[in-house]
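> all I have is the shape, not the residue letters:
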């Protein structure tokens, strides 16, 4: 016979969370500021100023910065406070290396799931890149470039890959902020996406694996070279 455990009271073990979690919302604001270049690599993020500008107490601001520290976007130094992580060339290389693995797998999976409507969304996004390239709108184009690659990851259907891509994209945008514009000619960013769309239209898995690899390796080499140049400047 099993011993019968005493019945507990009807009181819940945990308290329900509010739909809008304050710490997460604060962290999201910091992430956007890093990705947009408003917070530069190496810049101090004072929790008192963060709390004051967002109209909160310092406790949730500190928790949000600790959360971002666990994700590698923020670093803390004893008695000095929190700072935006300043990536080096090796870290940029490794981030692109991981991104390449994830995106190629996601793209392969996307081909098996993609509808004509999905293809139309991707084609429209590449046209947006071309339009911004013709206008010389480099900053806006960088954001739309990531949006295109995020669509591919989303169409792959693996939520974990999408979550990691979002983190990597923020790290890359923060890292690129330290060296300024990625390409002198914004039209080049748009042009590098044309072979990807052609491979997707043809439903050619082998070509779709080769094109993103070449696309991302070119970007990786360019970013790493910029970092190395900045380090000796």
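Yep, that arrived. Keep in mind the model is a prediction, meaning the values are calculated, not measured.

> domain map for the protein?
The record's domain parsing of the chain by automatic domain parsing lists 22-84, 89-232.

> in JSON lines, list those along with mean neighbour count and mean pLDDT.
Placement of C-beta: from N, CA and C, glycine included. Converted to JSON lines, the domains of the chain look like this (neighbours: other C-beta atoms under 10 Å; pLDDT from 0 to 100):
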{"stretch": "domain 22-84", "mean neighbour count": "16", "mean pLDDT": "90"}
{"stretch": "domain 89-232", "mean neighbour count": "16", "mean pLDDT": "86"}
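
> middle-most residue in the chain, spatially?
Most central in the chain under C-alpha atoms, centre = their mean is residue 169, positioned 2.1 Å from the mean C-alpha point.

> which residues touch that one?
Applying C-beta atoms under 8 Å, 6 or more residues apart in numbering, we find residue 169 in contact with 35, 146, 149-150.

> can you check residue 24 too?
Taking C-beta under 8 Å, 6+ apart as the test, what residue 24 contacts is 64, 67.

> and it, that's in a strand?
No. Residue 24 is assigned helix when assessed by DSSP: H, G, I helix; E, B strand; the rest coil, not a strand.

> could you measure from it over to residue 57?
16 Å (C-beta to C-beta, to the nearest Å).

> and the lengthiest helix in the chain, what does it pack onto?
In the chain, assigned by DSSP state H, the helix with the most residues is helix 205-232. Packing partners of helix 205-232 (3 or more C-beta pairs under 8 Å, 6 or more residues apart in numbering; DSSP states H and E): helix 89-113, helix 159-176, helix 194-201.

> 7 Å instead, please
Packing partners of helix 205-232 (3 or more C-beta pairs under 7 Å, 6 or more residues apart in numbering; DSSP states H and E): helix 89-113, helix 194-201.

> now the ones you listed as TSV including distance to residue 71?
Shown next, in TSV, are the helices and strands packed on helix 205-232 (distance: least, C-beta to C-beta, whole Å):
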stretch	distance to residue 71
helix 89-113	13
helix 194-201	28
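
> which among those helices is found nearest to residue 81?
Within the helices and strands packed on helix 205-232, the stretch nearest residue 81 is helix 89-113; the backing value is 21.6 Å (C-beta to C-beta).

> check which helices and strands the very next helix or strand once past the closest one sits against.
For helix 89-113, the following helix or strand on the C-terminal side (DSSP states H and E) is helix 116-135. Under the contact definition 3+ C-beta pairs under 7 Å, 6+ apart, helix 116-135 sits against helix 138-156, helix 186-191, helix 194-201.
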